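Colleague: Can you look at this prediction? I've put the sequence above it.
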Amino acid sequence: MGNIDFSILLTWYKIILNSINILLADYKMILNGIYITIFVSILSSVFAFLIGSVFVYFKTSPNVKVRKFSNFIVDCIRNTPLLILIYLFYKGLPSLNIVLSALTCGVAALSIYTGAYISDAILSGINAVPDEHIQATNALGLTRFQSFFYVIYPQALRHSIFILGSQFMNLIKNSSLVSFIAVTDIFYVVYKGIADNFRIWEYFILAVVVYSVLTGFVLLVTNILNKIYKIPVAEVNV
Amino acid sequence: MNFDAVIHHLPFLMQGLMITLKVSFISIILSMLFGTTLGIIRFVKIPVLSKLIGAFIDITRSIPLILYIIFIHFSISPYLYHYVNFLRYIGIDCLEMYSAIIAIVAFTSAYIAEIIRSGLASVEKQQILAAKALGLNRFQVMESVVLPQALVSMKPALCAQFITLIKDTSLASAIGLIELTRASEIVYETSFHEFQILVFVALVYMSINFLVQKIFYPPKGLLVA
């Protein structure tokens, strides 16, 4: 007893301090990366939501050919890797004389990719809307667009809050792929730190914290929205 | 628009496709194994182990796969590759493929574990009670009563996860594994026919994934029971 060696504690303290110093030295890039990740995520979630809504309007069309064609398009988008979609926008379009900036390409590819998933999420909500409501809109003489936009769509959104939330979380995670076309988001900074400076653990933990906080925030919002807007399931009394 | 560049470089692209298929196939089998184990352990609630696995699953599900691949490639897999290379026996003899498979398996297992857990939870309680009343032990209940019923209800989710896995193998190009995406990059960086080659590669991925969909959801004539 008596002489316990505390120097190991001191070593750990030094290592942790050193790691924090390394991250602090890079704080401008890191803050800028977080800002760009949030910017790309918000912009593409808005566009993805719009694209998904348009897709789902055509997927529930009474015309069989339109329905089949839009289903096929959505399946094609879902079955292509996001990386290939991003490359198609960024490297493929210039050979057709359409040159877009890297950020635009990333946002466009992310929105189209997530829009396909969101259309399926909303479709599952539409399946939960009772048939009587649709028949009632027909009886009232509403057009197809009116019945979709005023009756079916709002209810479908309220039925599919959680699925939509998980798609937005996927979008935040997928937004790391825009760093492949040199958009300096948080993953770009982390990749530079890991691959160039070999500061693996520091930057990995940083990225885990950032992405967990962002997805956790979306989860929180989803839970609150679910509490306010969820349609209670009617209990069947026989 | 001519597709001569694609035809000229087809052998190289096909080599890349073979590696994509190899990585996907091995990863699907391994992640199914690990994912089912993790899901069952989380479902039956073993005191400490279930909590640990829950933490692993939650952290893994909240970070992007590409981060996982980079992290494992630079930190863990160089050591594992030298000391405990258990994948050597099935012909994995390059570090990039090794790290890609480990990262994809670890990542997808977390998702599959959640699918398995929710599938197991959807089986009715009476079934388990009836099986226990018949004198089956805990393992037999799981293996011959609960799992077969749960597998039916989680088939669509598993199919979607496998398709995601096949798409995610394209991310292994970040660590320099020459699979289909990296092969196409190498080709169009020298031949400058980006659009044609990328469209071709997208079509290849699409056809693989449509095939997987068809295997899971056979046309109605073939469907039995």
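Modeller: That came through fine.
Colleague: in what helix or strand does residue 210 lie?
Modeller: I went with chain A, as the question did not name one. helix A:200-229 (DSSP states H and E).
Colleague: that's the wrong chain, I wanted chain B
Modeller: Assigned by DSSP H and E, residue B:210 falls within helix B:194-216.
Colleague: chain center to that helix: distance?
Modeller: Helix B:194-216 has its C-alpha centroid displaced from the chain centroid by 17 Å (CA atoms, centre = their mean, to the nearest Å).
Colleague: model confidence over that helix, on average?
Modeller: Helix B:194-216 carries an average pLDDT of 92.
Colleague: which residues does the closest residue to residue A:137 other than its chain neighbours contact?
Modeller: For residue A:137, ignoring the flanking residues on the chain, the nearest one in space by CB to CB, 6 or more residues apart in numbering or on different chains is residue A:147 at 3.6 Å. In short, each C-beta sits where N, CA and C put it, glycine included. The contact partners of residue A:147, by CB atoms under 8 Å, 6 or more residues apart in numbering or on different chains, come to A:134, A:137, A:138.
Colleague: Tell me where the model's unsure across chain B.
Modeller: Along chain B, segments meeting pLDDT under 70 span B:218-225.
Colleague: tally of neighbours for the spatially closest residue to residue B:115 that is not a sequence neighbour?
Modeller: The shortest distance from residue B:115 to any non-neighbouring residue, by CB to CB, 6+ apart, is to residue B:157 (4.7 Å). When neighbours are counted by other CB atoms under 10 Å in any protein chain shown, residue B:157 registers 16.
Colleague: in the helix or strand hosting residue B:157, what counts as buried?
Modeller: Per DSSP H and E: residue B:157 is located in helix B:155-168. For helix B:155-168, burial by neighbour count (16 or more other CB atoms under 10 Å in any protein chain shown) applies to B:157, B:158, B:159, B:160, B:161, B:162, B:163, B:164, B:165, B:166, B:167, B:168.
Colleague: For residue A:142, give me the backbone phi and psi.
Modeller: phi -80, psi 150 (degrees, to the nearest 10).
Colleague: ok, so what distance separates residue B:198 from chain A?
Modeller: Distance of residue B:198 to chain A, computed by CB to the nearest CB, to the nearest Å: 5 Å.
Colleague: Is it correct that that residue is in contact with residue A:85?
Modeller: No: counting by CB atoms under 8 Å, residue B:198 sits too far from residue A:85 to count as a contact (9.2 Å).
Colleague: Can you tell me how far the residue nearest to residue B:115 is from residue A:141?
Modeller: 40 Å (CB to CB, to the nearest Å).
Colleague: Equivalent analysis for residue A:195, please.
Modeller: 63 Å.
Colleague: and chain A, which residues reach chain B?
Modeller: For chain A, the residues in contact with chain B (CB under 8 Å from any CB of the partner chain) are A:75-76, A:78-85, A:87-88, A:91-96, A:169, A:173-174, A:176-177, A:180, A:187, A:190-191, A:194-195, A:198, A:200-201, A:204, A:207-208, A:211-212, A:215-216.
Colleague: Kindly indicate whether the residue nearest to residue A:137 is helix, strand or coil.
Modeller: helix (DSSP: H, G, I helix; E, B strand; the rest coil).
Colleague: how many neighbours does the closest residue to chain B within chain A have?
Modeller: Chain B sits closest to residue A:79 of chain A, with a gap of 3.6 Å, by CB to the nearest CB. For residue A:79, the neighbour count with other CB under 10 Å is 22.
Colleague: which residue packs closest to it, ignoring adjacent ones?
Modeller: In this structure, residue A:79 finds its nearest non-sequential neighbour in residue B:209, 3.6 Å apart by CB to CB, 6+ apart.
Colleague: quick one: contacts for the one you found?
Modeller: Contacts for residue B:209 (CB under 8 Å, 6+ apart) come out as A:78, A:79, B:163, B:166, B:167.
Colleague: The residues you listed into JSON lines, with extra columns for distance to residue A:228?
Modeller: Shown next, in JSON lines, are the contacts of residue B:209 (distance: CB to CB, whole Å):
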{"residue": "A:78", "distance to residue A:228": "30"}
{"residue": "A:79", "distance to residue A:228": "36"}
{"residue": "B:163", "distance to residue A:228": "34"}
{"residue": "B:166", "distance to residue A:228": "38"}
{"residue": "B:167", "distance to residue A:228": "35"}
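Colleague: Which helix or strand contains residue B:22?
Modeller: With DSSP H and E as the test, residue B:22 turns up in helix B:10-44.
Colleague: Residue A:148 contacts residue A:57, correct?
Modeller: Yes: using CB under 8 Å, residue A:148 is in contact with residue A:57, at 6.1 Å.
Colleague: how close does the residue nearest to residue A:79 sit to residue B:183?
Modeller: Going from residue B:209 to residue B:183 by CB to CB gives 18 Å.
Colleague: need the contact list for the residue lying closest to residue B:166 once chain neighbours are set aside.
Modeller: Distances taken as CB to CB, 6+ apart put residue B:24 closest to residue B:166, at 4.8 Å, once the chain neighbours are dropped. Shown in contact with residue B:24 (CB under 8 Å, 6+ apart): B:165, B:166, B:169.
Colleague: would you turn those into a markdown table with distance to residue A:220?
Modeller: Output for the contacts of residue B:24, formatted as a markdown table (distance: CB to CB, whole Å):
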| residue | distance to residue A:220 |
| --- | --- |
| B:165 | 29 |
| B:166 | 32 |
| B:169 | 33 |
